[in-house]
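> sequence first, then the predicted structure:
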Amino acid sequence: MATVNNNLSEYDKTSIPNAKDFRFGIVVSEWNDTITEGLYKGAYETLVAHHVLPENITRWDVPGSFELIYGSKKMQQQNVDAVIAIGSVIQGETKHFDFVCEGVAQGIKDLNVLHNIPVIFCVLTDNNKQQAIDRSGGIHGNKGTEAAIAAIKMAVISKQ
């Protein structure tokens, strides 16, 4: 496994642009909320650490990961420079996992192709809850942190 013994959220903070003039939307799935709240915390704290004013961060909650697509589409219309879509899908006993993961990935991709506001894919697709815990503030860092860094970088690109 590529993430064993690695915290993927460690980065050079001086290499990240100052984001004080940007506005961000974060759309958070309520499903697997112990995981998505950890991801949100990582994203929010990282944005603030890079000088985003708290009032320039808008959070919307949606019922599940599949609803992230519509929530992100509507968030793109809210005068933001980038959107972060946060979700967690954990493998179960049926193929539902495959359909949700595929649909959400394709839907977020479509929003990026069709619109000018970048949407960052911060949806964990893990085999079990422990893997999700490890990636939402646990031993492998926080994918929310990584998504916030990507959002800042993409906001800069979208302004060029």
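That came through fine.
> only C-alpha atoms for contact and neighbour calcs from this point on.
Will do.
> not counting sequence-adjacent ones, nearest residue to S136?
Leaving aside its sequence neighbours, S136 sits nearest to N142 (Cα to Cα, 6 or more residues apart in numbering; 4.4 Å).
> swap in F121?
Per Cα to Cα, 6+ apart, closest to F121 is A85, 5.5 Å.
> A strand includes the one you found, no?
Yes - according to DSSP: H, G, I helix; E, B strand; the rest coil, the state of A85 is that of a strand.
> mind jotting down where the strands sit in the chain?
24-29, 57-62, 82-90, 119-126, 136-138, 141-142 (DSSP state E).
> residues of the one helix or strand in the chain whose mean pLDDT sits lowest that come out buried?
Using mean pLDDT, DSSP states H and E, the weakest-scoring helix or strand in the chain turns out to be strand 136-138, at a mean of 90. The neighbour-count check on strand 136-138 (16 or more other Cα atoms under 10 Å) flags S136, G137 as buried.
> now for that strand, which elements pack on it?
Strand 136-138 is packed against helix 33-49, helix 143-158, with contacts defined by 3 or more Cα pairs under 8 Å, 6 or more residues apart in numbering; DSSP states H and E.
> show me what contacts the spatially most central residue of the chain?
Centroid-nearest residue in the chain: C122, 3.0 Å away (criterion: Cα atoms, centre = their mean). Counting by Cα atoms under 8 Å, 6 or more residues apart in numbering, C122 touches I84, A85, I86, G87, K143, G144, A147.
> next one: the residue nearest to F121 from E55, what distance?
18 Å (Cα to Cα, to the nearest Å).
> also K143?
23 Å.
> same deal with G71?
Distance from G71 to E55, by Cα to Cα: 19 Å.
> repeat for T14
Taking Cα to Cα, one finds T14 at 23 Å from E55.
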